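> need a structure here:
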Amino acid sequence: MAGTGGNDPRFTDPFTDPMSTSVDKRQPDDPPVLELRGLTKSFGGLHAVQDVSLKVFRGDRKAIIGPNGAGKTTLFNVITGILPASSGQTVLFGSDVTDWPCHRRTGLGMARTFQVTNLFPKLTVLDNVLLAIQGLRRMKFVVWRPLSSYHDVSEKARRLLEAVGYWDRRDVEVRNLSHGEQRQVEIVLGLASDPKILLLDEPAAGLASGESHEMVAFLKGLDPTLAILLIEHDMNVVFDVVDHISVLHFGEVVEAGSTDVIRNSARVREIYLGTE
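Sure thing, here's the model as predicted:
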């Protein structure tokens, strides 16, 4: 598990930590923000994702875990439209978006981050956020008007950075931030489109233990009405942030339930951790 170690006094075994709890935020009458109906992706005879069904509601914090090669990132690529589904449906806010391209899903309220940080390292934190906002608007085609003249864009960037505690670091070049801080800034860029559901692909990848704790605090500080679906290998982050987990193995969901159910599952220990 990334960023953890048995000799680190801040590390606790997430599968035995009695202090971790889960909270069900779902309201009985809320329609799902995202629904997967038997979603499948095949590459020739290889079934990378098989018959995955899942519902994500407003304010949910859900995770998909599994060993390397389980099909997690492929599933995210199908959900977001990077890869076409072989069968099944992706339903976003009640609309079947299975055949929609990425940008139309973004316009409807979906955002996604990737495993590899993709920022402009020589630009400031503020400039990165401004470019993310600009990229979502028609103004990106206007080359004769300075960006500073768009006061609404500057105001939105300020609100985004203030909300996550980064406004005082707005003039810092991204390359001078720690890896963990860069990962957090990338999530801010994902929020530039005002999403209602955010898909995070291993937000704690490559983080040291202390940075993982900071990432947990950062994620917990996001808008509680925002639905979050994340892929993560750091189980301390998973159990601290989410309240429901789906376990993917060879492309199939083999177990799903609350954090307590997954923590105590012998099958998950055997499949995901390789222990009995």
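> can you list the weak-confidence ranges in the stretch 1-150 of the chain?
1-29, 136-150 (pLDDT under 70).
> show me where it has strands.
Along the stretch 1-150 of the chain, counting by DSSP state E, counting those that start in this stretch, strands occupy 34-43, 46-56, 61-65, 87-92, 95-96, 110-112.
> Which neighbouring elements make contact with the second one?
Packed against strand 46-56, as judged by 3 or more Cβ pairs under 8 Å, 6 or more residues apart in numbering; DSSP states H and E, are the following elements: strand 34-43, helix 72-80, strand 252-258. C-beta: built from backbone N, CA, C; applies to glycine.
> Most tightly packed of these?
helix 72-80 (a mean of 23; mean count of other Cβ atoms under 10 Å).
> and that helix, how far from the chain's centre?
11 Å (Cα atoms, centre = their mean, to the nearest Å).
> now stretch 46-56
17 Å.
> list the buried ones in it?
47, 48, 49, 50, 52, 54, 55, 56 (16 or more other Cβ atoms under 10 Å).
> Residue 92: which of these is nearest?
Using Cβ to Cβ, residue 56 is the member of the buried residues of stretch 46-56 that lies nearest residue 92, at 9.9 Å.
> which ones are touching the closest residue in space to the closest one that isn't next to it in sequence?
Leaving aside its chain neighbours, residue 56 sits nearest to residue 34 (4.2 Å; criterion: Cβ to Cβ, 6 or more residues apart in numbering). Residue 34 makes contacts with 54, 55, 56, 79, 90, 91, 92, 110, 197, 227, 229, as judged by Cβ atoms under 8 Å, 6 or more residues apart in numbering.
> before we move on, back to that, of the helices and strands packed on strand 46-56, give the one that comes closest to residue 178.
helix 72-80 (24.3 Å).
> now what about the closest one, what contacts it?
34, 36, 39, 41, 48-49, 52, 64-66, 83-85, 90, 102, 105, 110, 112, 115, 199, 201, 231, 248, 251.
> Which helix or which strand is home to the closest residue in space to residue 253 that isn't next to it in sequence?
Excluding the flanking residues, the one nearest residue 253 by Cβ to Cβ, 6+ apart is residue 246, at 5.1 Å. Take DSSP states H and E as the rule and residue 246 turns out to sit in strand 244-249.
> Just the C-alphas of that strand, formatted as CSV.
Once non-C-alpha atoms are left out, strand 244-249 reads as follows in CSV (Å, rounded to 0.1, in the frame of the first residue of the first chain):
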residue,chain,number,x,y,z
HIS,A,244,-18.8,2.2,0.4
ILE,A,245,-16.3,0.0,-1.4
SER,A,246,-16.6,-2.2,-4.5
VAL,A,247,-13.9,-4.8,-5.0
LEU,A,248,-12.9,-5.5,-8.6
HIS,A,249,-11.1,-8.7,-9.6
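> Show me what it pairs with in its sheet, parallel or antiparallel.
Here strand 244-249 has these sheet partners by DSSP bridges: strand 61-65 (parallel), strand 252-258 (antiparallel).
> What is the subsequent helix or strand relative to the longest one?
Which is strand 252-258. helix 259-263.
> Now do whatever helix or strand comes next after that next one: which elements does it pack against?
Helices and strands here follow DSSP H and E; after helix 259-263, the next one along the chain is helix 266-268. Counting by 3+ Cβ pairs under 8 Å, 6+ apart, the packing neighbours recorded for helix 266-268 are strand 252-258.
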